[in-house]
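Q: would you be able to build a 3D model of this:
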Amino acid sequence: MKLATLPNGTRDGKLVVVSSDLNCCVSVEAIAPNLQAALDSWADVSPKLQMAYRELENGGGSTPFRQDEALAPLPRSYQWADGSAFVNHVELVRKARGAEMPKSFWTDPLMYQGGSDTFLAPRQDICIADESWGIDMEGEIAVIVGDVPMGASPERAASSILLLMAVNDVSLRGLIPAELGKGFGFFQSKPPTAFSPVAVTPDEIGNAWDGEKVHLPLCVDLNGEPFGRVQAGVDMTFGFPRLISHAAKTRPLAAGSIIGSGTVSNKLDGGPGKTISEGGAGYSCLAELRMVEAITLGSPRTSFLKFGDSVRIWMDGDDGKSIFGEIEQRVRKYEGCE
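A: Numbers count the residues shown, from 1 in each chain. Prediction:
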């Protein structure tokens, strides 16, 4: 089942079921007015949504689905907690900041709590006031969970995974060192996050979903050129059940909480990855490429995102069709509030 949110004049939008080919949709407001309402009553609501999805797939009444009109599946959430399950990424980025990586990072997940009151639509501009802040994209996968009790084991957490999405977790690399230097975590360095047009139930991914990871490449283009084709199921040190259990160690998670994988990152022959042009899988963020350039060339050569740059993030299934739809964003200068 594929679900999306379209604007209707409210903060949370209206819920629609989307066809598997992403070409058409049907409103399911009579079943649940928005996705959060559906998640709050998932056991009762999901069979009805599944029935609407089957009817849509069998040619039931529908309207065209336009990805450029979609909001984030959850335009706002009770919680957005992003992990760093690809420890290779953490290691490279910390090297770029001149920071050593504790050995515990390989055994205990790293996670931060992001802003969840406002998410970017998948085709919404990334508005930043200053290029010098080091604007970076981060291609990720995320899950939306049902209610998770405090102290849930990874096995219990696995059963809470309801939906999956693609993510662009925007980072301001130039602001991160000073913030982390205060010893109190990210805040200003993490502007609003963008999610894919569609959230899907795990069965839509087929055998590529093993209950913990998605074994498909996450595709990232920068200014229309291939930048990353990184395997989301490779080098992922912590699967989603472990990340969810980590988040729930000292607090329950409410239905609709979102847990991210962190930047998808692969090693190559035991070392940092290579660009696509060099025969590698590329990268899901610019910080990794810059660190590899520093290692191999002595200094970074690639700049962070500039105003006017465009980013595209998506994932194709084994059939070659887009699973979540496509995040397509342009970086634009923020001109200030009115």
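Q: in the stretch 201-338 of the chain, which spans are helices?
A: Using DSSP state H, counting those that start in this stretch, the helices assigned to the stretch 201-338 of the chain run over residues 240-247, 286-297.
Q: count the neighbours of Gln295 for me.
A: Quick fix: residue 295 is Ile, not Gln. Using other Cβ atoms under 10 Å as the criterion, Ile295 is surrounded by 14 other residues. C-betas here are computed from N, CA, C, even on glycine.
Q: could we number from 22 for the rest of this?
A: That works, and once the first residue is 22, the last one we named lands at Ile316.
Q: how much space separates it from Gly294?
A: Note on Ile316: its distance to Gly294, by Cβ to Cβ, to the nearest Å, is 11 Å.
Q: dump the residue contacts of Val37.
A: Remark: with contacts taken as Cβ atoms under 8 Å, 6 or more residues apart in numbering, Val37 is in contact with 24-27, 46-49, 86.
Q: now the residues you listed as JSON lines including pLDDT?
A: What follows is the contacts of Val37, written out as JSON lines (pLDDT from 0 to 100):
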{"residue": "Leu24", "pLDDT": "98"}
{"residue": "Ala25", "pLDDT": "98"}
{"residue": "Thr26", "pLDDT": "98"}
{"residue": "Leu27", "pLDDT": "98"}
{"residue": "Cys46", "pLDDT": "97"}
{"residue": "Val47", "pLDDT": "97"}
{"residue": "Ser48", "pLDDT": "97"}
{"residue": "Val49", "pLDDT": "97"}
{"residue": "Phe86", "pLDDT": "97"}
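Q: and of the residues you listed, the nearest to Pro213?
A: Pro213 has its nearest neighbour among those in Thr26, at 15.6 Å by Cβ to Cβ.
Q: nearest residue to that closest one in space, please, no chain neighbours.
A: Leaving aside its chain neighbours, Thr26 sits nearest to Gly34 (4.0 Å; criterion: Cβ to Cβ, 6 or more residues apart in numbering).
Q: report the contact partners of the one you found.
A: Contact criterion Cβ under 8 Å, 6+ apart gives 26-28, 55, 92, 96 as the residues in contact with Gly34.
Q: drop anything exposed from those.
A: When burial is judged by neighbour count using 16 or more other Cβ atoms under 10 Å, the buried members of the contacts of Gly34 are 26-27, 55, 92, 96.
Q: give me phi/psi at the closest residue to Pro28 other than its chain neighbours?
A: For Pro28, ignoring the flanking residues on the chain, the nearest one in space by Cβ to Cβ, 6+ apart is Gly34 at 5.5 Å. When quoted as degrees, to the nearest 10, the phi and psi of Gly34 stand at phi 60, psi -170.
Q: and for Val114?
A: For Val114, the backbone dihedrals are phi -70, psi -40 (criterion: degrees, to the nearest 10).
Q: please report how far the nearest residue to it once chain neighbours are set aside lies from Asp190.
A: The spatially closest residue to Val114, leaving aside those adjacent along the chain, is Ala308, at 5.1 Å (Cβ to Cβ, 6+ apart). Spatial separation of Ala308 from Asp190 under the definition Cβ to Cβ is 12 Å.
Q: which one of the helices of the stretch 222-359 of the chain is the most hemmed in?
A: Highest mean neighbour count among the helices of the stretch 222-359 of the chain (mean count of other Cβ atoms under 10 Å): helix 261-268, with a mean of 24.
Q: which helices and strands does it pack with?
A: Identification of packing neighbours for helix 261-268 by 3 or more Cβ pairs under 8 Å, 6 or more residues apart in numbering; DSSP states H and E yields strand 101-104, strand 132-135, strand 160-166, helix 175-179, strand 182-189, strand 279-281.
Q: between those, which gets nearest to Ala73?
A: Distances from Ala73 to each of the helices and strands packed on helix 261-268 were compared using Cβ to Cβ; the shortest belongs to strand 182-189, at 15.5 Å.
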